[in-house]
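Enquirer: Predicted structure and sequence below. I'll ask about it afterward.
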Amino acid sequence: MVTIVDYDSGNIRSVEKAIQKLGRDTLVTDSPKDILAAKAVIFPGQGASESAMLNLNKKHLVEPLIEVIRKGVPFFGVCLGLQLLLETSQEGLTPCLGVAKGETVLLPPGVKRPHMGWNRVVIKQDHPVFEGIESGSYFYFVHSYYADPDDDNLVYGVTDYGVNFCSVIALDNLIATQFHPEKSGTLGVKLYENFLKYMVDRN
């Protein structure tokens, strides 16, 4: 069972369908109890950090999310679900989950915001989720902010859009992408498949 966190920040149905197509049962939930009991978590999201954190606090999901990550439950953050893992966001000066040190910052002046469409992800470090995926492959992005972690060792993939920004982070049993695997065709499906195969099934 893959638990998908529902906190009213973006369309999660495409994530649910992608996982179900891989033959896995899903549970879409905003229950702290369900999240604490999860064997695998996907934390999707799209939109503003400030409103997302308000929703997470309102639903009492902040501590359960931090706890499952600390326990080593396989965890996949998507788009906003990557950004919220850091300490703060420039967007509304919002305190976030603080799982990793760093800040979410606005894409630089001179580029169209949001960054919307296909772009390359250059792999910086090997990881099981990248099996069968070449460095420089294209994935689908929709965002105006990006994660800037303090520790470069957390950065597993980067993308160039006016700045060479972090597009994949990994830490222990956590992986998170700035792009949307569920909107990225066969390679996005492959990424989820590898997450399930190497991080969930072997946990």
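Expert: Nice, thanks for sending it over.
Enquirer: Looking at the chain, name the residue that lies furthest from the middle.
Expert: Note on the chain: the largest separation between a C-alpha and the mean C-alpha position, by Cα atoms, centre = their mean, falls on Gly110 (25.8 Å).
Enquirer: per-residue pLDDT, that residue?
Expert: We have a pLDDT of 93 for Gly110.
Enquirer: can you check Gly81 too?
Expert: The model's pLDDT for Gly81 equals 97.
Enquirer: Give me the three-state assignment for it.
Expert: helix (DSSP: H, G, I helix; E, B strand; the rest coil).
Enquirer: Could you pull up the contacting residues of it?
Expert: Contacts for Gly81 (Cβ atoms under 8 Å, 6 or more residues apart in numbering) come out as 5, 42-45, 176. C-beta coordinates here come from the backbone N, C-alpha and C atoms, glycine included.
Enquirer: Format those residues as a markdown table; extra columns: distance to Val15 and secondary structure.
Expert: Formatted as a markdown table, those follow (distance: Cβ to Cβ, whole Å; DSSP: H, G, I helix; E, B strand; the rest coil):
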| residue | distance to Val15 | secondary structure |
| --- | --- | --- |
| Val5 | 10 | strand |
| Ile42 | 6 | strand |
| Phe43 | 10 | strand |
| Pro44 | 5 | coil |
| Gly45 | 10 | coil |
| Ala176 | 13 | strand |
